[in-house]
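Asks: here is the input, now give the coordinates:
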Amino acid sequence: MKTRLIIIALLSSQIFYSQIEIQEDNLTIEYIKTKKASQLIGAVTNVRTKSKEIVQYNIKVRIEMIDNKIRPFDVNKFSLIDHQAKIRLRPLSVTYTNFTDKWYFIQLIKNKPKYKSLEDRYKPDVKDTFLDYEFEGVNNIMTPICYEAYDEYKISFKNPDKECHLSYFEPKGLRKRNINLYFPMQKSVKNATLYYGYMKIVDIKLK
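Replies: As a prediction, this is how the structure comes out:
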């Protein structure tokens, strides 16, 4: 009887989130969970934040195309709003996963690079849709990302140069996947809201 009561208590304590339908993109989004992200490069996020006052959060959602067909999915529409500070943030890094593997959404850069190693990241024909959405009284915050940069193949053991750019993501063909969004937030922030375009996905308590 004790085992049965424990199982019932665990089931009743779980919170289930409904799928939110995005009609304009013919897909659904389901919030799964939020946790603090490790700063170990390559393990979870490919962007490290050095400030001790900043915490990266991993927000996991489930994306499913309603017609069950593979189509380009644009993660640039995701944002996290801190209503107290009145700021809107974009992800620093985005991955998609299955049971055993993980892949990164390719980061693109806004301006033409000085170094050859970054030329593949410059695709001005790919639109940054993060900028299509404005919230009254809320400022968009975009943090530059610094990339290793070199003109030829990286064959030296010396530290490479760094070139910093405002960045966004290249859409990726998906049908259904778990998506990990990595957002930087001040340690003092306790609550934030995840949006996809103008659609509110979930209010989140940050721990």
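Asks: residue closest to the middle of the chain?
Replies: residue 181 (2.6 Å; Cα atoms, centre = their mean).
Asks: what sits against it?
Replies: Listed by Cβ atoms under 8 Å, 6 or more residues apart in numbering, the contact partners of residue 181 are 58-61, 75, 78, 80, 91, 94, 194. C-beta coordinates here come from the backbone N, C-alpha and C atoms, glycine included.
Asks: what about the helices in the chain?
Replies: 2-13 (DSSP state H).
Asks: follow-up on the earlier one: any idea which of the contacts of residue 181 has the most stuff around it?
Replies: Counting neighbours by other Cβ atoms under 10 Å, residue 91 comes out on top of the contacts of residue 181 with 28 neighbours.
Asks: wait, what's in contact with it?
Replies: 75, 78, 80, 169, 181-183.
Asks: and what of residue 148?
Replies: Contacts of residue 148 by Cβ under 8 Å, 6+ apart are 117, 154, 160-162.
Asks: only the buried subset of the residues you listed, as a PyMOL command please.
Replies: Per 16 or more other Cβ atoms under 10 Å, the buried members of those correspond to this PyMOL selection:
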select buried, resi 117
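Asks: and which of the contacts of residue 148 is nearest residue 53?
Replies: residue 162 (21.6 Å; Cβ to Cβ).
Asks: bridged to the closest residue to the closest one other than its chain neighbours, which residues?
Replies: Once flanking residues are discounted, residue 162 sits nearest to residue 146: 4.5 Å by Cβ to Cβ, 6 or more residues apart in numbering. With DSSP bridges applied, residue 146 shows beta-bridge pairing to residue 164.
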